[in-house]
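Sequence unavailable; structure follows:
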């Protein structure tokens with residue numbers, strides 16, 4: 001558990017203190033582009049410096065796999081108030097994406113998070129971020145309430161309602177190719193980010209205001225809480241990691257269980273995102289994220305039978321399998337009408 005938030009709720013964490021590796025167990029490492037570099041900072045030690053001169057970070061599209069909601073949080077030290085800079089920009093293209101602009105967009109001023117769907121913008125707006133000081137930003141898309149929340153230094157600063165009821169409307173389905181930028185816009189004409197960055201996190205759940213405040217306050221007081229389980233239920237034997245070490249639990253992973261699912265003729269199966277893992281020393285560890293290949297067609301489900309799909313666990317050589325059973329479509333039974341005397 002990190003800052004009171006369960007490990008399986010975290011998709012990726014980029015501390016940015018010397019590299020762009022993912023410190024979560026999912027190993028979704030980023031790539032630094034351009035002349036970005038890591039510099040010393042009085043508050044956070046070593047941080048990432050983006051110069052605004054075509055420097056940015058690219059994240060793998062797998063970050064968005066299987067998300068029902070999403071929260072993005074991180075620290076930023078703006079060097080420029082130029083509008084159009086992006087803290088992050090995730091999506092399919094300029095007409096369908098999710099972005100955050102700390103210094104405003106070309107259309108309107110203010111710190112804002114914008115969902116753009118088929119070219120239509122749904123902005124959540126707050127006052128612009130002050131330059132030349134560290135501030136903590138968080139953007140939460142809560143699908144259950146159909147609301148986007150934006151936070152500034154641990155407090156809610158704005159919101160937008162009436163957002164789509166599924167992220168697939170924004171990012172597409174699993175077969176869709178998404179681009180994920182940190183410090184760059186999907187629109188080539190917009191400026192790149194001129195700022196320092198620290199501890200960028202992406203969650204698969206909508207963080208509450210209390211959780212966002214905990215992240216902010218713990219970082220300020222150098223009190224980042226890192227434990228594997230404080231509830232003493234299922235993960236007590238996993239090693240506790242210091243804040244200076246990546247939480248790479250996959251280093252303890254020995255094997256991953258194969259699994260089975262079923263579907264009906266003509267319907268592609270729903271594959272499990274997490275499966276049980278076997279850890280060293282009989283550790284009772286968390287479930288393991290598995291990435292399955294995207295189907296090229298539906299040939300395997302056109303008739304009853306069985307087939308297997310081989311997946312992979314990021315950061316390991318493990319290749320778990322799922323056995324898919326394709327059943328005949330159940331025939332609907334017409335209701336019988338009974339007349340009462």
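That came through fine. Just so we're clear, the structure is a prediction, and the values are computed from it rather than from any experiment.

Any stretches of this protein with poor pLDDT?
Scanning the chain for pLDDT under 70 picks out the ranges 1, 172-176, 223-251, 294-297, 331-341.

now do 50
Applying pLDDT under 50 to the chain flags the ranges 225-247.

Residue 75 should be in a strand, yeah?
Yes. The assignment for residue 75, made by DSSP: H, G, I helix; E, B strand; the rest coil, places it in a strand.

Pretty sure it sits against residue 133.
No. If you go by C-beta atoms under 8 Å, residue 75 and residue 133 don't touch, sitting 10.7 Å apart. No exception for glycine: its C-beta is placed from N, CA and C like everyone else's.

Give me the more crowded residue out of the two.
residue 75 (22 against 10; other C-beta atoms under 10 Å).

So the more buried one versus residue 27, what's the distance?
22 Å (C-beta to C-beta, to the nearest Å).

Residue 254 now?
Residue 254 sits 17 Å away from residue 27, taking C-beta to C-beta as the criterion.

wait, doesn't residue 280 sit right on residue 255?
No. Taking C-beta under 8 Å as the definition, residue 280 is not a contact partner of residue 255, at 10.5 Å.

Compare neighbour counts for these two and give me the winner.
The neighbour comparison of residue 280 against residue 255 (other C-beta under 10 Å) goes to residue 255, with 14 against 10.

before we move on, which element is the more buried one in?
strand 253-256 (DSSP states H and E).

mind checking how far the helix or strand following that strand is from the chain centre?
Next along the chain after strand 253-256, taking DSSP H and E as the criterion, comes strand 259-264. Between the centre of strand 259-264 and the centre of its chain there are 27 Å (C-alpha atoms, centre = their mean, to the nearest Å).

quick one: strands adjacent to the very next helix or strand once past strand 259-264?
Next along the chain after strand 259-264, taking DSSP H and E as the criterion, comes strand 274-275. When pairing is defined by DSSP bridges, strand 274-275 lines up against strand 288-289 (antiparallel).

what distance separates the strand it pairs with from the middle of the whole chain?
14 Å.

Okay, now the sheet partners of the following helix or strand past that strand, with direction.
Next in sequence after strand 288-289, counting helices and strands by DSSP H and E, comes strand 305-310. Partners of strand 305-310 in the sheet, by DSSP bridges, are strand 321-327 (antiparallel).

quick one, helices of the stretch 151-300 of the chain?
168-171, 209-220 (DSSP state H, counting those that start in this stretch).

name the helices or strands packed onto the first one?
Going back to what we said before, that points to helix 168-171. With contacts defined as 3 or more C-beta pairs under 8 Å, 6 or more residues apart in numbering; DSSP states H and E, helix 168-171 has these neighbours: strand 88-93, strand 96-101, strand 111-117.

Residue 286 is nearest to which of the ones you listed?
For residue 286, the closest of those is strand 88-93, at 25.3 Å, according to C-beta to C-beta.

Pull out the buried residues from the closest one.
88-91 (16 or more other C-beta atoms under 10 Å).

what sits against the nearest residue to residue 79 once chain neighbours are set aside?
Leaving aside its sequence neighbours, residue 79 sits nearest to residue 194 (C-beta to C-beta, 6 or more residues apart in numbering; 4.5 Å). Counting by C-beta atoms under 8 Å, 6 or more residues apart in numbering, residue 194 touches 50-52, 78-80, 82, 85.

Since that was my last question, I'll sign off now.
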